[in-house]
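Colleague: Just the structure for this:
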Amino acid sequence: MTNLYTALERAAGSTAAAPGLDGLVGGLLAEVASGARPLRAVVHPLGFYCLPVLRDGAYGVCVHVFDPAPVGSGYEIHCHSWELKSSVLYGRIGNLRVGVYDEPARPTHRAFEVHSAGGTDEIRPSPRLVRWEPLAEQTSARGETYTLGAGEFHATMLPDAAPAATVVLGRTVPGPVDVVLGPVDGAARRVVRQRCDAARTARIADEAARRISGRDSAG
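Modeller: Numbering: from 1, shown residues only. This next block holds a predicted model:
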């Protein structure tokens, strides 16, 4: 685990982020905007821009920048193969935890496994037929932190239809796979994630850094 991950994890806290988190993430975004930290923003299929700040074995750090109009295919019920800690940098994020239950007789959805490599998601139908029901719904505002376990189904939304951003710390664990719910009769599909060019990445990072620092109206 790198010193950067450790510092961010401590600053993120368990439920409330320390004041220093804004400075740490704002500094990272300033490096991205200036080109000192070379990376490209990715248009994520779930509806946000992803800035992959760190990849270190099982550990990863991303900044997710949400726009009121989803930039991808929209918010979907899904689970990750990794556990995450997500701290809101500005705006508000809604997170709906979902119960998914086997229902071979009268299913509403099929579970699709997502296998990602090289910026491409292979979304493959599995034999698992299910139904789902909403569980707890949580809205987190700036400075608040929420966690999700690997394999825990959820959906993310913008309750205010306003810009928002989070810093996400992830740790891959053995066993679970990435899964998204889809139509019972849905077919396999492939999604190629769009990478932004350097100029667009810089604009996304700079705008997010400005909002974190309060130089923009979103908070």
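Colleague: count of residues packed around G118?
Modeller: The number of residues packed near G118 is 6, by other CB atoms under 10 Å. Yep, even glycine has a C-beta here, placed from its N, CA and C like the rest.
Colleague: Please enumerate the strands of the protein.
Modeller: Counting by DSSP state E, residue ranges of the strands within the chain are 42-44, 48-56, 59-66, 78-79, 82-90, 92-102, 109-117, 120-141, 145-148, 154-157, 164-172, 178-182, 189-192, 194-195.
Colleague: And the most centrally placed residue in the chain, how close does it get to E122?
Modeller: Nearest residue to the geometric centre of the chain (CA atoms, centre = their mean): H64, 5.8 Å. To E122, H64 is 22 Å away according to CB to CB, to the nearest Å.
Colleague: Can you list the low-confidence ranges for this structure?
Modeller: Residues of the chain meeting the criterion pLDDT under 70: 1, 69-75, 216-219.
Colleague: that older thread, need the strands of the chain in a markdown table with distance to L8, can you?
Modeller: Putting the strands of the chain into a markdown table (distance: least, CB to CB, whole Å) gives the following:
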| stretch | distance to L8 |
| --- | --- |
| strand 42-44 | 19 |
| strand 48-56 | 9 |
| strand 59-66 | 6 |
| strand 78-79 | 23 |
| strand 82-90 | 9 |
| strand 92-102 | 17 |
| strand 109-117 | 23 |
| strand 120-141 | 17 |
| strand 145-148 | 11 |
| strand 154-157 | 20 |
| strand 164-172 | 6 |
| strand 178-182 | 23 |
| strand 189-192 | 28 |
| strand 194-195 | 24 |
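Colleague: I'd like to know which of these lies nearest to T201.
Modeller: strand 48-56 (7.5 Å; CB to CB).
Colleague: So which elements touch that closest one?
Modeller: Helices and strands touching strand 48-56, by 3 or more CB pairs under 8 Å, 6 or more residues apart in numbering; DSSP states H and E, are helix 3-12, helix 20-34, strand 42-44, strand 59-66, helix 198-213.
Colleague: Quickly run through the sheet partners of it, with directions.
Modeller: strand 42-44 (antiparallel), strand 59-66 (antiparallel) (DSSP bridges).
Colleague: hmm, who's touching that strand?
Modeller: Strand 48-56 is contacted from outside by 1-2, 4-5, 28-29, 32, 37, 39, 41-44, 60-67, 70-72, 196, 201, 204-205, 208, using CB atoms under 8 Å, 6 or more residues apart in numbering.
Colleague: Look up the residues forming beta bridges with the nearest residue to H44 once chain neighbours are set aside.
Modeller: In this structure, H44 finds its nearest non-sequential neighbour in C50, 4.7 Å apart by CB to CB, 6 or more residues apart in numbering. As for beta bridges, C50 partners with V42, H64 under DSSP bridges.
Colleague: separation between C50 and A198?
Modeller: Remark: distance between C50 and A198 (CB to CB) = 16 Å.
Colleague: Same check on G186?
Modeller: Separation of G186 from A198 (CB to CB): 36 Å.
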